[in-house]
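> with the input below, show me the fold.
(one chain, ligands or ions: 2)
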Amino acid sequence: MSRVIITCAVTGSIHTPSLSRHLPFAARDIEDQAVAAAEAGAAILHLHARDPQNGRPSARVEHFMGFLPGIARRCDAVINISTGGSAVMPLEERLAGALAARPEMCSLNMGSMNFALYPLAARERDWRFDWEKPFLEGTDDLVFKNTPRDITHILHEMGEVRGARFEFECYDMGHLAMLRHFVQSGQVRPPFFVQFVFGVLGGMAAEPENLRHMKHLADSYFGNDYMFSALAAGRAQMPFAEMAAGMGGHVRVGLEDSLYIDRGVLAVSNAQQVEKVRALVEAQGRQVATPDEAREMLGLKGAADVGF
Ligand code: KMH
Ligand code: ZN
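Ligands and ions are numbered 1, 2, ... in the order given. The predicted structure is shown next:
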């Protein structure tokens with residue numbers, strides 16, 4: 001079986017600062033945690049930006065440029081910039097950082113959906129910033145918009161124009177059918193990297209049979225033209241990573257998707273999660289891929305041709 005690509009999603013736009021003091025949002029903290037995650041074995045760094053003053057999700061160019069050059073200087077990991085931004089942002093706002101940074105990779109979400117985070121605000125706590133609670137509570141009426149027109153726009157601007165390849169985020173079976181549509185139209189060319197996403201309230205739940213079925217479907221749609229990775233939000237993160245690696249897949253961890261290292265125990269860093277998943281992968285007799293091996297497997301353009 002191929003080497004295992006570990007993706008680390010360093011900060012995201014789901015969790016808010018009061019949910020864990022280890023969630024990085026200042027530029028230097030995002031940079032330091034990203035570099036440490038790469039040193040621990042992450043070949044790909046999946047990056048969102050945040051307002052460094054208050055940790056609010058941001059896709060502004062200046063917020064990305066606060067850490068991208070430092071990460072690129074200090075490690076050779078593949079930079080994968082989110083085009084999902086935050087579900088509360090209109091598409092052009094979501095894309096601002098990625099359009100300017102022209103990364104080797106970016107995410108691409110393959111369908112519109114509910115993106116319900118409000119259960120994270122259920123527990124009373126001292127909120128550090130006044131935006132956090134309303135941000136989370138407002139997601140009971142939030143649609144994460146990713147229409148075929150949005151997908152076509154991102155494929156063109158980030159793929160054809162800027163040479164990025166994609167982490168296709170599929171939260172449900174229908175998202176695989178949408179990806180197949182874009183493969184059949186010639187807008188997506190192999191080899192493609194499909195991220196099965198479990199455990200987001202609005203997408204498929206983190207049930208092992210869902211992982212098996214997604215792989216079964218993707219195998220039937222795409223054959224050898226694709227590779228899959230899996231991420232599960234919350235407590236299913238490590239069990240799903242271990243299952244995916246055992247099925248010949250790749251894995252994604254990081255504080256974007258789960259703040260924990262064990263049941264009820266907050267992870268102290270992204271690197272801690274990378275170290276844990278690396279041990280799980282190596283215990284199966286598989287080796288983790290280096291950034292350059294990931295570049296080779298995914299057909300990436302190389303770290304020189306970026307905008308940071
Ligand atoms: N936050 C993950 C569940 C994106 O950044 O484009 C999905 C994600 C989407 O990472
Ligand atoms: Zn993301």
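
> report pLDDT for Ser2.
On the pLDDT scale, Ser2 is placed at 82.

> same deal with Glu207?
pLDDT, read off for Glu207, is 98.

> what does the stretch 151-300 of the chain have sitting close to ligand 1?
169, 197, 200, 233, 256-257 (Cβ under 6 Å from any ligand atom). Quick note: C-beta positions are derived from backbone N, CA and C, even for glycine.

> tell me which entries of those residues lie within strands.
Mapping these onto strands (DSSP state E) picks out 169, 197.

> Leu217: which of the residues of the stretch 151-300 of the chain next to ligand 1 is nearest?
Leu217 lies nearest to Val197 out of those, by Cβ to Cβ, at 14.3 Å.

> residues contacting the residue lying closest to that closest one once chain neighbours are set aside?
Excluding the flanking residues, the one nearest Val197 by Cβ to Cβ, 6 or more residues apart in numbering is Tyr171, at 4.5 Å. Going by Cβ atoms under 8 Å, 6 or more residues apart in numbering, Tyr171 touches 109-111, 113, 197-198, 200, 202-204.

> of these, which is the most crowded?
Asn109 (28 neighbours; other Cβ atoms under 10 Å).

> could I get the phi/psi values of the spatially closest residue to Arg56 that is not a sequence neighbour?
Residue nearest to Arg56 in three dimensions, not counting chain neighbours: Trp131, with 5.4 Å by Cβ to Cβ, 6+ apart. Main-chain dihedrals, Trp131, degrees, to the nearest 10: phi -80, psi -20.

> pLDDT score for whichever residue of the chain sits closest to ligand 1?
Evaluated by Cβ to the nearest ligand atom, the chain has Gly84 as its residue closest to ligand 1, separated by 2.4 Å. Looking at Gly84, its pLDDT reads 98.

> neighbours of it, just the number please.
Around Gly84 there are 25 residues (other Cβ under 10 Å).

> same check, this time on Ala244
Count around Ala244 with other Cβ under 10 Å applied: 26.

> now do the same contact list for it.
196, 211, 228-230, 250-251 are the contacts of Ala244 under Cβ under 8 Å, 6+ apart.

> now the terminal residues of stretch 3-16, how far apart.
Counting by Cα to Cα, to the nearest Å, the length from the leading to the trailing residue of stretch 3-16 is 33 Å.

> what distance separates that stretch from the middle of the whole chain?
5 Å (Cα atoms, centre = their mean, to the nearest Å).

> go on, stretch 228-236?
10 Å.

> what's it in contact with?
Under Cβ under 8 Å, 6+ apart, the answer for stretch 228-236 is 5, 7, 9, 14, 167, 193-200, 206, 211, 214-215, 218, 237, 239-241, 243-244, 249-253, 257-258, 260, 263.

> what's the PyMOL line that selects buried ones from these?
Buried subset of those, written as a PyMOL selection, criterion 16 or more other Cβ atoms under 10 Å:
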select buried, resi 5+7+9+14+167+193+194+195+196+197+198+199+200+206+211+214+215+218+237+240+241+243+244+249+250+251+252+253+257+258+260
